[in-house]
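**Student:** test case, fold it:
(2 chains)
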2 protein chains.
Amino acid sequence: MNKIDARQRILDAGAEIIHAKGFNNTGLKEILDAAGVPKGSFYFHFKNKEDLGLQLIDHHGAAFRKLAGECFFDQTRLPLGRLRRFFEALAEMLERNGFRLGCPIGNLAQEMSDLSPAFRDRLAKAMGWMQGLIVHQLEEARMIEGQRVEADPAETARFILNSWQGAVMAAKLEKSRAPLDAFFHIVFNTLLAPKQPTQNQ
Amino acid sequence: MNKIDARQRILDAGAEIIHAKGFNNTGLKEILDAAGVPKGSFYFHFKNKEDLGLQLIDHHGAAFRKLAGECFFDQTRLPLGRLRRFFEALAEMLERNGFRLGCPIGNLAQEMSDLSPAFRDRLAKAMGWMQGLIVHQLEEARMIEGQRVEADPAETARFILNSWQGAVMAAKLEKSRAPLDAFFHIVFNTLLAPKQPTQNQ
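**Tutor:** Purely as a prediction, here's the structure:
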């Protein structure tokens, strides 16, 4: 095993175990055993367990960026269709996992926001990046006839992202798709629905 | 210190420390030291740490029921005004805490849903109870002229509760009221806003 393999194996094992059990509830030894990497090799790549945690946020972020690239630059869909497709892809992943695990960024935000300023800063950046992508779709939708979004894009994007995080947490709690269905229904069919043309009476 | 005092002191100390640090990240010894209660006394009142955790959900639930009673049975407000007042009271508590801690039920749901079926069951019941109270306000609002809510009350209540949980998590991450403001603005001024009467053209 070369050095690059070792780093990647630690990240992969750490991502999986911490996603399932939480950061503080996971021992470094458990990660290294799962990765099949000795402790000395760990300290060659990471300063400590917190440093691994921070690099895991980027590791998950890269996966989200890949999915976002596939969904948000799909020119065969209109902006709100792209946004819906992105959340649908996430919902399909959650469903395949039996609604276990939840969002790795959301889990860490809930667990670590008050415990580590370094985690908080890195997680807020990841959420801000995600929010920026949503703002962009809403702004594009504003300019397209039939997808006119009345609400303020920045505030609406913030609300949508947070509502998604809450829905994912509830799906994990209930082991059910119902919270995600309520999200899709209310966000896309009510909140972002084009205003009905005013009828003559 | 009598036995009832000991139980209450363990619950109060456990509620505070676990709210801040998480369930798995808190040792029983830390709680007992803070409560000033010896270990033997703990096992007189609780089977184990999990049993304490489950009783803490009820402990937090009682605080929510008290606040809900004050807000939802206030006959000087209309139903949506009562609902808004309830969330405003929670937002004021979060703001007083500098947006630390978050929702004790939401934190445990995020942390424990996949780790303990007993926690999951107890937390889902607490969330379901909360959702039922919101449904009731939306159904009452439906019957009152000027507060007519078009959307399905059960699905809307589920969405509102989950969106609130997501907004609280984001406020804790950002240490800012902005996610709560977006919640109030979009839920009460857009989602639940009475439909504008159709204008003659």
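**Student:** gap between the residue of chain A at minimum distance from chain B and A:Lys172?
**Tutor:** In chain A, the residue that lies nearest chain B is A:Gly166 (2.9 Å; C-beta to the nearest C-beta). Any C-beta I mention is one placed from the backbone N, CA and C, and that applies to glycine too. Note on A:Gly166: its distance to A:Lys172, by C-beta to C-beta, to the nearest Å, is 11 Å.
**Student:** please point out which parts of the host helix or strand of A:Glu70 sit buried.
**Tutor:** Secondary-structure element containing A:Glu70, defined by DSSP states H and E: helix A:49-72. By 16 or more other C-beta atoms under 10 Å in any protein chain shown, the buried positions in helix A:49-72 come out as A:49, A:52-57, A:59-61, A:64-65, A:68, A:71-72.
**Student:** out of those residues, the closest to B:Glu111 would be?
**Tutor:** A:Gly53 (15.5 Å; C-beta to C-beta).
**Student:** ok and the lengthiest helix in chain A relative to helix A:49-72, angle-wise?
**Tutor:** The longest helix of chain A (DSSP state H) is helix A:117-142. Orientation check (axes from the mean of the first three to the mean of the last three C-alpha atoms, to 10 degrees): helix A:117-142 against helix A:49-72 gives 10 degrees.
**Student:** tell me how far the nearest residue to A:Ala170 once chain neighbours are set aside lies from A:Pro104.
**Tutor:** In space, and not counting its chain neighbours, A:Ala170 is closest to A:Pro179: 3.7 Å by C-beta to C-beta, 6 or more residues apart in numbering or on different chains. Note on A:Pro179: its distance to A:Pro104, by C-beta to C-beta, is 18 Å.
**Student:** between these two, who's got more neighbours?
**Tutor:** A:Pro179 (26 against 21; other C-beta atoms under 10 Å in any protein chain shown).
**Student:** got a list of what that one touches?
**Tutor:** A:Gly166, A:Ala167, A:Val168, A:Ala170, A:Ala171, B:Arg158, B:Asn162 (C-beta atoms under 8 Å, 6 or more residues apart in numbering or on different chains).
**Student:** can you add pLDDT and give those residues back as CSV?
**Tutor:** Output for the contacts of A:Pro179, formatted as CSV (pLDDT from 0 to 100):
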residue, pLDDT
A:Gly166, 98
A:Ala167, 98
A:Val168, 98
A:Ala170, 98
A:Ala171, 98
B:Arg158, 97
B:Asn162, 98
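**Student:** output the residues you listed in a markdown table; the columns should cover distance to A:Phe99, neighbour count and secondary structure.
**Tutor:** Putting those into a markdown table (distance: C-beta to C-beta, whole Å; neighbours: other C-beta atoms under 10 Å in any protein chain shown; DSSP: H, G, I helix; E, B strand; the rest coil) gives the following:
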| residue | distance to A:Phe99 | neighbour count | secondary structure |
| --- | --- | --- | --- |
| A:Gly166 | 14 | 27 | helix |
| A:Ala167 | 11 | 29 | helix |
| A:Val168 | 9 | 27 | helix |
| A:Ala170 | 9 | 30 | helix |
| A:Ala171 | 5 | 25 | helix |
| B:Arg158 | 15 | 25 | helix |
| B:Asn162 | 13 | 28 | helix |
